[in-house]
Structures are given as C-alpha cells and as structure tokens.
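Novice: I'd like to go over a predicted model; first the sequence, then the structure.
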Amino acid sequence: MKKCILLFTALWLSVTYATALPNSPVMVQQDAVGTPPEFPGGKQAMEQFISENLQYPEAAKQAGISGSVMLQFNVHPDGSISDIAVFSHHKNTDNPDLIAEAKRVVGLFPKFQPATIDGQAVEANFIVPIRFKKGSGKGGFRSEMNAARSYTDEKGRAVVEPDFADNGAMGLRKFLFRYLVIDPHEKEYDQMAGATVVLELTIDKEGNTKDVDIESSTCKLLNDRAKTIGKSLPKWKPGTIDGKAEKMKRKLTLKFEGMRGNSGPMVVKK
C-alpha cells in the first residue's frame, strides 16, 4: 500500500500556497491548501504535556549529563502516531537513558489533528525536539528548528539572531513548506527525497538576504535549488547586538521531502 508522507517540524500552521519561487525548479501545485498535523490544543498544550510528563533520568542527572533528542514519528490520517525514531540529521545526545525517556514521553502523546491536503487527511511525519539541561531537574521542549537564537557573546554583548519577519520560525516554515517538495518524476528522486541542506545566510542591517552559501548537504544535487530558495526569502527582522541592528550570518536548515497521489506532485514514501 502506498503511503503519502509529509515532513513537518513541530508546530506547523495551516496556510494556502498558490505560487512557485521565481526561477525555482521546485514544482508547486497551484491553489493547493495544506494544513500540518497539530498536537491537540497547539504549541502551548504540547509544551505543557512534555513538561508534566518528562522526567530527567536519575543516572544521567547525577552524572551531569545533558543534551537534546530530536525525534520524528508518523501521524496517521486518524491522528494516531507510530514509528517514533531519532531524527538522524540533528546532533543528538548519545546517552541511551535520555533517548529512551524522550521516546517514552512522545509515546504518551494523544491523537493529533492530522495533516490535510485540499481537505483530505494524509499521513505526515512530525519532528519534536526535547532538551535535557543540567541543573534543571527535568527536561523540556527545545527551541524549534530554524528558530532565532538569543545569547551573550564572549564580549558580554546581548546578541539576537536575524528572525523571519512574518511570525518568526513558524512563519518561516509556512513559507518553506511547499518549496521543499521534490517532484517524484525527477530522475534522481530517490537521492533527493529526504535530503537535508544547511545554508549559511548573510542578513544585512535592513533585513535583506545578501549572501547564500552551502554549509553542509546530504545531496549535492539539491545545492543549487537550496540556494535559489535562500535567495528568494523575503525580508528578515535584522539581528541585533546590544539592541542595535547589525549585519549577521544565520544558518537555515532545509529538509526536502516529496509526495505523490491525487493531490499532485508532493511526497514519496512507499
């Protein structure tokens, strides 16, 4: 039986996608409406569920071991989940106790609102990152993929990375969703579907993307496509140092997937 599978990072929102990127080889079905899978009650409800159920393994806690675990799982059309596994393209902890605890908590998740394409429920792949932090006494919900970081640098300055101007990481995922789809008729489809490309962007003081470079890639065939996507991004909220806008570099992780079925050229898993 064929299964149509979409990949979502935690907390995608509903959105209508109507056009393709300029000069982009990515095929986009016109006027298709895609809604991602969602934890019942949304982001805050999922954060609360994880916070209330996640327990820091005692052995790891006593040994001062910390780290993060990014898990992926399938959300079926009826909202049930299965196939919980470590997402290999993330730098995960290798501590088996932390991994086992993260999997245990995700296994307790209630049924999701399933993903849909043009109103039809479809199977989707969902990613949720979980962090175990020293001294916290328990784990927590880790910041989302491609979320802007805020930190203090070696000079003691408050640094805030450039953020997507339209609703931050969630808006960025909405923008990228349909552009990371691989046409199943492409010759090297099997190599490209599931590949990850990490871009390094240079964002100027006005929020414009100036330079786009490849930092890493699991499929060189997608490098040009990834750079096209990076160059087509709309304005960012510029990064700041001590509250002042500055030119700054920022990483952007692109995860390519595909699909086929009645909804057109979109996913791909048999």
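Specialist: Noted; the coordinates are in hand.

Novice: how about the strands in the stretch 1-150 of the chain?
Specialist: 5-9, 15-17, 32-35, 67-75, 81-86, 115-117, 120-132, 139-141, 150-152 (DSSP state E, counting those that start in this stretch).

Novice: between those strands, which gets the lowest average pLDDT?
Specialist: Per-segment mean pLDDT for those reaches its minimum on strand 15-17, at a mean of 24.

Novice: and the strands of the stretch 1-150 of the chain, which is most packed in?
Specialist: strand 5-9 (a mean of 24; mean count of other C-beta atoms under 10 Å). Any C-beta I mention is one placed from the backbone N, CA and C, and that applies to glycine too.

Novice: in three-state terms, label L233 for me.
Specialist: Classification of L233 by DSSP: H, G, I helix; E, B strand; the rest coil places it in coil.

Novice: out of the helices and strands in this structure, which is least certain?
Specialist: When each helix and strand of the chain is scored by mean pLDDT, DSSP states H and E, strand 15-17 comes last, with a mean of 24.

Novice: ok, back up a step: could the strands of the stretch 1-150 of the chain go into TSV alongside distance to L233?
Specialist: Converted to TSV, the strands of the stretch 1-150 of the chain look like this (distance: least, C-beta to C-beta, whole Å):
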stretch	distance to L233
strand 5-9	17
strand 15-17	15
strand 32-35	19
strand 67-75	23
strand 81-86	29
strand 115-117	24
strand 120-132	21
strand 139-141	26
strand 150-152	21
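
Novice: show me the contacts for the nearest residue in space to K103 that is not next to it in sequence.
Specialist: Using C-beta to C-beta, 6 or more residues apart in numbering and skipping the chain neighbours, the partner closest in space to K103 is I84 (5.3 Å). Contact partners of I84, counting by C-beta atoms under 8 Å, 6 or more residues apart in numbering, are L71, Q72, F73, K103, V106, G107.

Novice: and the second one, bridged to which residues?
Specialist: For Q72, the beta-bridge assignment (DSSP bridges) gives partners A85, I127.

Novice: would you mind measuring from it to L54?
Specialist: Look at Q72 and L54: by C-beta to C-beta, to the nearest Å, they are 17 Å apart.

Novice: look up the closest residue to I99, ignoring the ones flanking it.
Specialist: Closest to I99 by C-beta to C-beta, 6+ apart is V69, at 5.4 Å.

Novice: I'd say that neighbour and P96 touch.
Specialist: No - here V69 does not reach P96: they are 10.6 Å apart, not a contact under C-beta atoms under 8 Å.
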